[in-house]
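S.K.: what would the 3D arrangement of this be:
(one chain, ligands or ions: 2)
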Amino acid sequence: MNPVAAAVGEAAPAKVNLYLHVLGRRGEDGYHLLDSLVVFAGATDQVEAVPAAGRIAPSLEVEGPEAGALSVEDPARNLVLRAARALAQEARIGAPAAAVTLRLTKRLPVASGIGGGSADAAATLRALDRLWGLGWPRARLEGVARRLGADVPACIAARPVRMGGVGEVLAPSPRMPARLGLVLANPRLPLATPAVFGARAGGFSAPATLPEAGWRDAVGLARDLATLRNDLEPAAIGLCPPVAEVLAALRALPGCLLARMSGSGATCFALMADAAAAAAAAERLPRAWWRWGGGLYAATA
Ligand SMILES: C[C@](O)(CO)[C@H](O)COP(=O)(O)OP(=O)(O)OC[C@H]1O[C@@H](n2ccc(N)nc2=O)[C@H](O)[C@@H]1O
Ligand SMILES: Nc1ncnc2c1ncn2[C@@H]1O[C@H](COP(=O)(O)OP(=O)(O)OP(=O)(O)O)[C@@H](O)[C@H]1O
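M.R.: Residues are numbered from 1 along each chain as shown. Ligands and ions are numbered 1, 2, ... in the order given. Next up, the predicted model:
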């Protein structure tokens, strides 16, 4: 595969955990063993990689409505730069090719349970794989992704996936309904993932049993999901009580089939019959919240 001379852009869609069961803990580091069905929403960040002559290392520019939340942090810790450095090292890319400007348009709320940082890291790996002409198979990119965070491997394909292990074991998802709407809502309060895992009380869950053939419509999917849980929801509500208000508001939306928290929160989602119903419903939520309505992300490759 030949390197691309011009800029390369990749969308970084929000991850939604339709259910999240905590099965146990891994001995070596205490990470939690999970079973989760993950889908990606049409709500996205965007990463653009542009060759930057005259420099020697990747650099980062952040813009967009949610950029402010990242401005307080050291840019070197940003998952976009960490992903670029990890791939350059693994692929033995040095100057001048490694000198790229990475432009991140941040639209997804930070530390909100929809894996924005993980999606940005995965989008960066995909963009640089193309820009540098690597043409790596997905499994090889997932190997680099694993070192960046538990959610990053699932974000490489950005397609519905069943997540196991501590996040790195990926199995095909049963078929999703052709029409499905998602409303996402966040009370604009960040929740740190380690704090939520730390506050979790109670025992462990069993893995879910899912229909192999998948679901024909959103109603059938919601019916099956209603028998499952997000095991982190009680701990997140304890740390951030407004999560319960967000869930109540989603459940009160006309057409809501199921409402639940995603990941470690505080973002919650509602399932709707289709994208148009979800987009209309999101408008009814409080303006002070971050809110979005639409369908699943459609990966192109
Ligand atoms: C809860 C989920 O959002 C479900 O999709 C993810 O598993 C979290 O993924 P993530 O944010 O990429 O997580 P990481 O950045 O790897 O880990 C943050 C922290 O969360 C805790 N953590 C994370 C994943 C996992 N399977 N078990 C854990 O206990 C650990 O304390 C870890 O230090
Ligand atoms: N590009 C980035 N976007 C968001 N957060 C980033 C980024 N780079 C580094 N971070 C750090 O990662 C932390 C988690 O961010 P993120 O938005 O991915 O959380 P999350 O949505 O709770 O993730 P998850 O659902 O995977 O637990 C932030 O608090 C921030 O310190």
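
S.K.: tell me the residue of the stretch 201-301 of the chain that sits nearest ligand 2?
M.R.: Closest approach between the stretch 201-301 of the chain and ligand 2, counting by C-beta to the nearest ligand atom: Gly263, at 3.4 Å. Any C-beta I mention is one placed from the backbone N, CA and C, and that applies to glycine too.

S.K.: so who does that residue touch?
M.R.: 15, 17, 20, 113-115, 151, 193, 232 (C-beta atoms under 8 Å, 6 or more residues apart in numbering).

S.K.: got it, and Ser173?
M.R.: By C-beta under 8 Å, 6+ apart, the contact list for Ser173 reads 37-39, 159-162, 214.

S.K.: near ligand 2, which residues of the stretch 1-150 of the chain? Just list them.
M.R.: Taking C-beta under 6 Å from any ligand atom, the part of the stretch 1-150 of the chain that reaches ligand 2 is made up of 70, 73, 77-80, 104, 110-118, 120.

S.K.: which residues sit in contact with Cys268?
M.R.: With C-beta under 8 Å, 6+ apart, Cys268 has these contacts: 184-186, 243, 246-247, 250, 259-262.

S.K.: go on, Pro207?
M.R.: Residues near Pro207 by C-beta under 8 Å, 6+ apart: 21, 23, 35, 164.

S.K.: so the residue lying closest to Gly164 once chain neighbours are set aside: helix, strand or coil?
M.R.: If the residues on either side of it in the chain are set aside, Gly164 comes closest to Asp35, at 5.9 Å by C-beta to C-beta, 6 or more residues apart in numbering. Following DSSP: H, G, I helix; E, B strand; the rest coil, Asp35 is assigned to strand.

S.K.: list the contacts of Asp35.
M.R.: 19-21, 23, 162-164, 205, 207-208.

S.K.: swap in 7 Å and give it another go.
M.R.: 21, 23, 164, 207-208 (C-beta atoms under 7 Å, 6 or more residues apart in numbering).

S.K.: which of these are buried? Put it as a ChimeraX command.
M.R.: This is the ChimeraX syntax for the buried subset of the contacts of Asp35, where burial follows 16 or more other C-beta atoms under 10 Å:
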select :21,164,208
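
S.K.: next, the residue of the stretch 201-301 of the chain found nearest ligand 1: phi, psi?
M.R.: In the stretch 201-301 of the chain, the residue that lies nearest ligand 1 is Gly263 (3.1 Å; C-beta to the nearest ligand atom). Gly263 has phi and psi values of phi 50, psi -130 when expressed as degrees, to the nearest 10.

S.K.: give me the contact list for stretch 212-224.
M.R.: Under the criterion C-beta under 7 Å, 6+ apart, residues 174-177, 179-181, 210-211, 257-258, 271-273 lie in contact with stretch 212-224.

S.K.: scan these and report the most crowded one.
M.R.: Met272 (30 neighbours; other C-beta atoms under 10 Å).

S.K.: not counting sequence-adjacent ones, nearest residue to Leu293?
M.R.: If you look again at residue 293, you'll see it is Gly, not Leu. Per C-beta to C-beta, 6+ apart, closest to Gly293 is Ala282, 3.0 Å.

S.K.: that neighbour contacts Trp290, correct?
M.R.: No. Using C-beta atoms under 7 Å as the test, Ala282 is too far from Trp290 to be in contact (10.1 Å).

S.K.: my guess is Ser112 contacts Pro187, does it?
M.R.: No. Counting by C-beta under 7 Å, Ser112 stays clear of Pro187, with 9.5 Å between them.

S.K.: more neighbours: these two, which one.
M.R.: Taking other C-beta under 10 Å, Ser112 and Pro187 do not tie; Ser112 has more neighbours (27 against 23).

S.K.: residues contacting that one?
M.R.: Here Ser112 is in contact with 186, 190, 266-267 (C-beta under 7 Å, 6+ apart).
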